[in-house]
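> No sequence on hand, only this structure:
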Ligand SMILES: [Zn+2]
């Protein structure tokens with residue numbers, strides 16, 4: 001977003017705020033309905049709205065279809081108790097490691113110590129590393145395919161400005177970058 005847009009944005013808000021003070025209408029949201037018509041809706045980060053029968057939001061400054069985030073949220077569901085030792089997973093670390101390991105942090109530490117004792121840890125850690133690399137590849141691929149799909153579309157920035165990818169990378173460039181990226185990541189795997 002350039003400075004001019006930012007200034008325009010602030011001045012619109014300030015004018016409305018001043019109006020509200022004068023009219024005693026201090027409760028009304030100043031960001032709504034100022035200078036925007038219905039066909040140009042102003043959306044900010046985290047907003048959720050419907051458009052053409054689909055739900056949208058703005059995340060990290062990009063207009064995104066919401067069903068994708070619902071899916072991510074479900075994936076992030078963490079049970080209260082560790083399925084392995086049945087203790088309450090109350091530590092921040094438990095929540096961080098659960099999605100990848102399906103057990104609490106203490107259980108992971110015990111498991112890894114056990115493997116070390118049995119001399120199996122190298123195999124285990126190589127496998128773990130490869131799993132992490134693979135999930136990075138999957139995430140990267142999904143992200144790039146998304147970028148390629150919308151490389152000709154416009155997107156809405158955090159401030160609600162519509163910008164386009166014009167002058168950005170072409171589909172072909174992105175496709176090539178994707179393939180190169182996958183080869184690079186694949187090489188990080190331990191064979
Ligand atoms: Zn546990």
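That came through fine. Here the structure is a predicted model, which is why all the values come from computation and not from measurement.

> List the buried residues in the biggest helix by length in the chain.
If you go by DSSP state H, the chain has its longest helix at helix 121-149. The neighbour-count check on helix 121-149 (16 or more other CB atoms under 10 Å) flags 133, 137, 144, 147, 148 as buried. (C-beta placed from N, C-alpha, C; glycine too.)

> now, which of those residues sits nearest the ion?
Of all the buried residues of helix 121-149, residue 133 has the smallest distance to the ion: 25.6 Å, by CB to the ion.

> so who does the closest one touch?
With contact taken as CB atoms under 8 Å, 6 or more residues apart in numbering, residue 133 is in contact with 185, 186, 188, 189.

> and if we set it to 6 Å?
185, 188, 189 (CB atoms under 6 Å, 6 or more residues apart in numbering).

> From the ion, how far off is the first one?
The reference is to residue 185. According to CB to the ion, to the nearest Å, residue 185 and the ion sit 31 Å apart.

> what helices or strands is the helix or strand containing that residue leaning on?
Assigned by DSSP states H and E, residue 185 falls within helix 171-186. In terms of contacts (3 or more CB pairs under 6 Å, 6 or more residues apart in numbering; DSSP states H and E), helix 171-186 is packed against helix 121-149.

> now the helix it packs on against helix 171-186, angle please.
Between helix 121-149 and helix 171-186, the angle comes out at 180 degrees (axes from the mean of the first three to the mean of the last three CA atoms, to 10 degrees).

> where along the protein do the strands fall?
48-51, 54-59, 62-65, 154-156, 162-164 (DSSP state E).

> can you list those in TSV and add mean neighbour count and mean pLDDT?
As requested, those are exported to TSV (neighbours: other CB atoms under 10 Å; pLDDT from 0 to 100):
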stretch	mean neighbour count	mean pLDDT
strand 48-51	11	78
strand 54-59	16	76
strand 62-65	17	72
strand 154-156	16	52
strand 162-164	12	51
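
> Quick one: closest of those to the ion.
strand 54-59 (32.2 Å).

> List of residues touching that closest one?
43, 45, 47, 48, 49, 63, 64, 66.

> Now do the contacts for the fifth one.
If you count contacts by CB under 6 Å, 6+ apart, residue 49 has them with residue 56.

> bridging residues for it?
residue 56 (DSSP bridges).

> most neighbours, which of the contacts of residue 133?
In terms of neighbours by other CB atoms under 10 Å, the contacts of residue 133 top out with residue 185 at 16 neighbours.

> which ones are touching residue 82?
Per CB under 6 Å, 6+ apart, neighbours of residue 82: 89, 103, 104, 107.

> Of the residues you listed - the most surrounded one?
In the contacts of residue 82, the most neighbours by other CB under 10 Å go to residue 104, 25 neighbours.

> what separates residue 93 from residue 107, distance-wise?
Distance, residue 93 to residue 107, using CB to CB, to the nearest Å: 12 Å.
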